[in-house]
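Asks: After the sequence you'll find the predicted model.
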Amino acid sequence: MISQTLADRLEAAHARGESRFVDDLPLAEGTLHAAVFPAPCAKGLIRSLDLKKAERAAGVFSIFTAADIPGENQIGNIIADESLLADGEFHYAGQPLALVVARSAEEARRSIRLIELAFERLPAVFDPRLACAAGDLILPPRTFVLGDVESAWAHCAHRVSGRVDSGGQEHLYLETQAALAVPSERGRMVVFSSTQSPSVVQKTIARVLGISQNQVEVDVRRLGGGFGGKEDQATAWAALAALAAWKLGRPVKLALRRHEDMRFTGKRHPYSSDFAIGLDARGKILAYEVTFYQNAGAAADLSPAILERTLFHASNSYFIPNVRATAYCCRTNLPPYTAFRGFGAPQAMLVMEAAIVEAAWAMGTDVAVIQEKNLLREGDVFPYGQEAKNCRALRCWDQAVKVNDLQGRRFRVGEFNRSHRWEKKGLAVMPICFGISFTSTPLNQAGALVHVYTDGSVSVSTAAVEMGQGVNAKVRLVVARTLGISPQRVRVESTNTMRVANMSPTAASVGADLNGRAAQMACQMIRGRLLRVAAEELGLSPTENLAIVDEAVSHDRGGKSDLSWERLIRAAFSRRVNLSAQAHYATPGIHFDRQREKGRPFAYHVFGTAVCEANLDCLRGIARVERVSVVHDLGRSIDPLVDRGQMEGGIVQGIGWLTMEELLYSPEGLLISDSFGTYKVPDLRSVPDEIDLHFLEDADNPEAVMGSKAVGEPPFMYGIGAYFAIREAMRAFRPDKPLAITTPLTSEKILLFLHG
Ligand code: MTE
Ligand code: LUZ
Ligand code: MOS
């Protein structure tokens, strides 16, 4: 029953493969192609870089190094610690040392092998704890404190401590990093980039070329996936393409091959963490202490912001009266780790859950009993000082327990495990609480530009980048509903720095919240003007309660008038009324004081609870997530179908992170798992047999556009439940053996535990 509206929402043309990504854009005659010469090992001093042979190779136009950069050789966004092209030293394998520009991408890559690099290998560090011990931190450590853990320990009947190591994760967006830079007249540079942050690309190119921002136009139609991997790390490739285009006065394209993308670019941060948790005899958590060692890689990138979100999510969906959370941002010689769905929160929430699971194991109690007893209630305070408002933690939990008959299920899992020797099942409940807003308050703003044309069609531009998450579909619906017209009339334009300025990245799950609201505000202005025109056309007083409903003007007493949308627009134009509007939205009421580490950083929180079941084949070490059932708080969904897609995708991506995606490096710090063959992500066969989604009803959210809630990142963290379900099945097979908390839980690790 694929209705027309569904086909429409799925963007039929997109599904047919007609969408154009950067690498599909038709090229102007004379366009050149660039490729990067990467650093060969994790750390070294450049003695000499001999380009002569490569320069003479077939098709090669030019080779650029740091010395050719006209402006600043600097692309660091939060901290200025990252060069575009290495100068003197390099800090990770894959760091760009030189840029080759040739007639074709093949010729550029072939000639790279002719570059002769003489270098001195320097000792490299890959372990964040070692980096921390050596004092190699990107910024001073930060600590969030609530109450007083020291004096709380004395009141605890149980105290359990442990260590958690979580692995990185490759984004594996289908479209690799890519940019096309086209020099235009009078010093204008037009750049088509696969980026989540058009304005950061614009700003960085201006800096690298030594020109002003109004000379750089960045245009983004859509991304073939970003997942955070293009929040900061699309910039380097766009800046390299722009550098070559600027120097040569010709269009230059740089599109990474898959293995280059996997080797050169950053991923989700691996963390190593220590925890101690204290509970009273009845299972109330009295104290929680946690230390996070974040493996940041060789440059800051977004790591300080990610570290901050880790701290904000240290206690997940629980109220704990005494908390001390410390985080170290550790510099290592790996490609700078970067944003990835969840942005440091999944790593923190994994540790919190591990602490509860280990405490329950030590106490011989059901994990869910402890979880439930400590769930956040209305008005409870987070360690960062914000109060939980409209707290729906218990509502989601209770409903999840009910729809899943948790007690019955737990009983059946126990029965199954007693009656099966070589097969075990595990069950875990995972509550989530995710703060919505960029933790850096100034980023919480967006702009929109709306035009209505004389035929009644509408064009809308915002700061939102479409990357498959459906933000364009949502903006289109917001515009259509605000103007009272069919979505068919509304076209969402590319994201362009000349139509909307100073954009925040499309990230932190707030793309639709911020840009939807800005678009709504612009439409409200146009609607106000149109209704004044309508009153005049219909000979009514301007105070009459008029509205536009189903493409026609209607009023309280008379109902629908015969003044249609198209006639109204023509009348407005004849009366010389402005049919365009620009609006700006800034999230109200948020602030954070980094001196005190207290404030109200989030506009609101997203809540939910998942019940996860896993089955373990103990002979083969193969774990299967059989079922994930979720009760989730979507607010009032703008587009339920899009939101369902986000839920399913997030859950599966989270399960992939924790159960199968494993990054392997050589002793020199070279990525070994650099292809689809060596890096395993969830496929159709490994997704859960059942993903059962329920959404809270009557759950309007006053803090976001049309009562909705952000959806992009929160579901990712339900994957943590699947991890603990598998782990429980493992313990059912060998209850006597200590079980380390490391991820991913691959078949290899499972087998070693079961039979090692
Ligand atoms: N869904 C798809 N299909 N592709 C993506 O790249 N990125 C995720 C999420 N869902 C992503 C996705 C991430 S990391 C974020 S922050 C949000 O979408 C961003 O979009 P939003 O703010 O519009 O939700
Ligand atoms: N990016 C950012 C993010 O700069 N700040 C954030 O708080 C954030 N959160 C999630 C994803 N990206
Ligand atoms: Mo998402 S990690 O905020 O791009």
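Replies: Right, received. Where do you want to start? Ligands and ions are numbered 1, 2, ... in the order given.

Asks: and stretch 475-488, does that touch ligand 1?
Replies: No: remark: stretch 475-488 sits outside contact range of ligand 1, by CB under 6 Å from any ligand atom, the gap being at least 9.3 Å. Heads up, the C-betas are built off the backbone N, CA and C, glycines and all.

Asks: what's that stretch in contact with?
Replies: The contact list for stretch 475-488 (CB atoms under 8 Å, 6 or more residues apart in numbering) reads 8, 450, 452, 456, 458, 460, 462, 464, 489-490, 492, 512, 515-516, 519-520, 523-524, 526-527, 547-551, 565, 638-639, 705-706.

Asks: switch the cut-off to 6 Å
Replies: Stretch 475-488 is contacted from outside by 460, 462, 490, 492, 515-516, 519-520, 523, 527, 548-549, 551, 565, 638-639, using CB atoms under 6 Å, 6 or more residues apart in numbering.

Asks: Quick check: mean pLDDT of whichever strand or helix holds residue 288?
Replies: Residue 288 is part of strand 285-297 when elements are defined by DSSP states H and E. The pLDDT scores in strand 285-297 average 98.

Asks: Pull the residues that contact the following helix or strand past that strand.
Replies: Counting by DSSP H and E, the element after strand 285-297 in chain order, helix or strand, is helix 303-312. For helix 303-312, the surrounding residues in contact (CB under 6 Å, 6+ apart) are 78, 139, 144, 292, 294, 296, 325, 327, 329, 343-345, 347-348, 384, 435, 439.

Asks: can you check stretch 43-51 too?
Replies: Contacts of stretch 43-51 (CB under 6 Å, 6+ apart): 63, 88-91, 115-122, 124, 333.

Asks: try stretch 218-229
Replies: Identification of contacts with stretch 218-229 by CB under 6 Å, 6+ apart yields 21, 171, 173-175, 191-194, 196, 198, 201-202, 339-341, 465-468, 494-497.

Asks: With ligand 1 in mind, check whether it reaches it.
Replies: Yes: using CB under 6 Å from any ligand atom, stretch 218-229 reaches ligand 1 at 225, 226, 227, 228.

Asks: Contact partners for residue 334?
Replies: Residues near residue 334 by CB under 6 Å, 6+ apart: 92, 297.

Asks: 7 Å - rerun?
Replies: If a contact means CB atoms under 7 Å, 6 or more residues apart in numbering, then residue 334 has 92, 126, 295, 297, 298, 669 as its contacts.

Asks: likewise residue 434?
Replies: Listed by CB under 7 Å, 6+ apart, the contact set of residue 434 reads 345, 605, 606, 713, 714, 717.

Asks: Drop anything exposed from those.
Replies: Among the contacts of residue 434, those buried by neighbour count (16 or more other CB atoms under 10 Å) are 345, 605, 606, 713, 714, 717.

Asks: Helices - which of those land there?
Replies: Counted as lying in helices by DSSP state H, out of the buried ones among the contacts of residue 434, are residue 345.

Asks: would you turn the buried ones among the contacts of residue 434 into a markdown table with distance to ligand 2 and pLDDT?
Replies: Shown next, in a markdown table, are the buried ones among the contacts of residue 434 (distance: CB to the nearest ligand atom, whole Å; pLDDT from 0 to 100):
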| residue | distance to ligand 2 | pLDDT |
| --- | --- | --- |
| 345 | 8 | 99 |
| 605 | 13 | 98 |
| 606 | 12 | 98 |
| 713 | 6 | 98 |
| 714 | 11 | 98 |
| 717 | 12 | 98 |
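
Asks: Which of the buried ones among the contacts of residue 434 sits closest to ligand 1?
Replies: Ligand 1 lies nearest to residue 713 out of these, by CB to the nearest ligand atom, at 5.2 Å.

Asks: any idea how far that closest one lies from residue 605?
Replies: 12 Å (CB to CB, to the nearest Å).

Asks: Show the contacting residues for whichever residue of the stretch 301-450 of the chain sits closest to ligand 3.
Replies: Residue of the stretch 301-450 of the chain nearest ligand 3, by CB to the nearest ligand atom: residue 339 (3.9 Å). Contacts for residue 339 were tallied using CB under 7 Å, 6+ apart; they are 228, 231, 232, 302, 306, 507.

Asks: Now it: closest residue in space, sequence neighbours ignored.
Replies: Closest residue to residue 339 apart from its sequence neighbours, by CB to CB, 6 or more residues apart in numbering: residue 228 at 3.3 Å.

Asks: Relative to ligand 3, how far out is the nearest residue to residue 701 once chain neighbours are set aside?
Replies: Using CB to CB, 6+ apart and skipping residues adjacent in sequence, the residue nearest residue 701 is residue 635, 3.6 Å away. Using CB to the nearest ligand atom, to the nearest Å, residue 635 is found at 18 Å from ligand 3.

Asks: can you count the residues close to residue 635?
Replies: Burial of residue 635 is recorded as 26 neighbouring residues (other CB atoms under 10 Å).

Asks: Name all residues that make contact with it.
Replies: 699, 700, 701, 704, 707, 708, 709.

Asks: So for it, what's the pLDDT?
Replies: Residue 635 is given a pLDDT of 98.

Asks: do residue 17 as well
Replies: For residue 17, the pLDDT comes out at 88.

Asks: Tell me which stretches of the stretch 301-450 of the chain form strands.
Replies: For the stretch 301-450 of the chain, the strands defined by DSSP state E, counting those that start in this stretch occupy 322-331, 423-436, 445-452.

Asks: Quick one: find the helix or strand in the protein with the lowest mean pLDDT.
Replies: None of the helices or strands of the chain scores lower by mean pLDDT, DSSP states H and E than helix 4-9, at a mean of 54.

Asks: what's the next secondary structure element after that one?
Replies: Downstream of helix 4-9, the next assigned helix or strand under DSSP H and E is helix 12-15.
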